[in-house]
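In: just need the structure, nothing else, for what follows:
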Amino acid sequence: MPEDERELSTTKAESTRPPAKLLASVKKVAPGTALREGLENILRARTGALIVVGESMSRRGLIDGGFRLGVELTPSHVYELSKMDGAIIISDDASRILFANVQLVPDSSIPSGETGIRHRTAERTARQTGDLVVAISQRRNLITIYQGPLKYVLKDVSVILAKANQAIQTMEKYRGILEAALANLSALELEDLVTLGDVAMVVQRAEMLLRIQTEVEGYITELGTEGRLVGMQTEELAGDVGTDCYLALRDYCLPAENEVAERLRGEIGRLVPEELLDPATIGRLLGYSPVAGFLDQPVTPHGYRVLSEIPRLPGPVIDNLVSSFTSLPRIVSATIEDLDAVEGIGEVRAKAIKDGLRRLRDKVIIDRQL
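Out: From the prediction side, this is the model:
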């Protein structure tokens with residue numbers, strides 16, 4: 001297995017980011033929020049706490065005792081109220097404290113893998129209500145969040161930053177690999193020398209980069225206000241990778257329809273790493289028969305991706321070009337008069353298309369020499 005592919009497998013295996021379904025909840029307790037500041041105060045004081053983010057708790061009959069507050073949530077309020085034995089109930093948007101010092105009485109028949117009373121109650125409450133429940137361990141000094149069947153232990157900001165920076169470095173490497181693969185594909189497309197294996201490599205590398213981006217975005221959510229710089233780096237590195245992947249799929253998928261490319265994008269996103277690292281899997285998804293050596297068979301692009309690199313060329317015009325000429329080689333060899341005859345293309349735009357394709361060819365030649 002190539003080094004970059006082994007690195008992807010390692011990155012996925014060691015991923016400790018929050019589950020995707022928990023990201024919205026993690027955002028409520030991320031650094032920079034009043035609730036997180038209150039939780040940090042509790043950690044430093046080593047007092048422990050049990051907090052439920054759910055306005056309907058009182059209507060569900062899962063709380064007993066305590067007292068109603070209805071006050072603004074502030075870090076100091078959360079810290080002071082946590083000194084009492086009972087749980088704290090706050091609003092869904094984590095802006096107000098509704099109840100304090102209440103006893104939670106979830107269904108005791110709900111299975112729980114936790115051993116401590118506080119965490120067992122938190123897990124059962126989360127499973128029964130689907131609400132976000134936060135438990136702070138007095139002894140272990142950890143913040144654990146539960147929602148439905150999901151559980152996640154919040155990490156220290158320094159630990160998350162280290163993981164995010166490591167993922168960014170991997171992302172930078174994959175960005176360089178993808179750009180080289182795209183440049184090579186463009187050169188082959190303009191010379192009509194593309195094989196199915198070349199296409200599979202580009203789609204594979206693009207999906208790898210998108211998966212690392214998703215992982216980094218999980219870290220950014222957990223970092224809250226501490227993740228601004230990481231977010232800016234991620235946006236710059238990701239660029240138009242999703243668009244490039246979609247256009248490559250639309251150029252080569254069978255049948256060549258927009259809906260098919262959209263469906264393929266989702267199917268490729270659901271591949272496990274082992275399937276993604278097999279080019280033959282990509283070739284089969286594109287609609288080609290998996291015969292011996294089928295990755296070496298020549299394929300011809302429709303031209304969506306290359307034409308999209310020509311400045312100020314609208315999508316409908318690209319669709320008309322592909323509909324009229326069916327393939328990129330025919331578009332490249334077409335005369336200005338041929339292009340002018342296509343709906344939406346006048347003489348000026350026809351010349352701009354020819355000039356754009358010429359500049360792309362020159363750029364590809366220069367890139368190959370570097």
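
In: can I see the domain layout of the protein?
Out: If the domains of the chain are taken from automatic domain parsing, they occupy 1-10+156-301, 30-153, 302-370, with pieces of a single domain joined by a plus sign.

In: tell me the average confidence for the longest one?
Out: So that's domain 1-10+156-301. Across domain 1-10+156-301, the average pLDDT comes to 91.

In: in the stretch 151-300 of the chain, which spans are helices?
Out: When assigned using DSSP state H, counting those that start in this stretch, the helices of the stretch 151-300 of the chain occupy the ranges 157-191, 196-223, 228-238, 241-252, 258-269, 273-276, 279-285.

In: want to throw the domains of the chain into CSV with mean neighbour count?
Out: The C-beta positions use only the backbone N, C-alpha and C, and glycine is treated the same way. As requested, the domains of the chain are exported to CSV (neighbours: other Cβ atoms under 10 Å):
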stretch, mean neighbour count
domain 1-10+156-301, 17
domain 30-153, 18
domain 302-370, 16
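
In: nearest to residue 19, of these?
Out: Within the domains of the chain, the stretch nearest residue 19 is domain 30-153; the backing value is 5.4 Å (Cβ to Cβ).

In: any idea how far apart the tips of the closest one sit?
Out: Length of domain 30-153, first residue to last, Cα to Cα, to the nearest Å: 12 Å.

In: how distant is that domain from the center of its chain?
Out: Distance of domain 30-153 from its chain centroid, counting by Cα atoms, centre = their mean, to the nearest Å, is 29 Å.

In: what's the average pLDDT for that domain?
Out: Per-region confidence: domain 30-153 scores 93 on mean pLDDT.

In: would you turn the domains of the chain into CSV with distance to residue 20?
Out: Formatted as CSV, the entries for the domains of the chain read as follows, by distance: least, Cβ to Cβ, whole Å:
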stretch, distance to residue 20
domain 1-10+156-301, 7
domain 30-153, 10
domain 302-370, 29
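
In: residue 203 reaches residue 247, doesn't it?
Out: No - counting by Cβ atoms under 8 Å, residue 247 is not a contact partner of residue 203; they are 10.6 Å apart.

In: quick check, central residue of the protein?
Out: The geometric centre of the chain, computed from its C-alpha atoms, lies nearest to residue 214 (Cα atoms, centre = their mean), at 2.7 Å.
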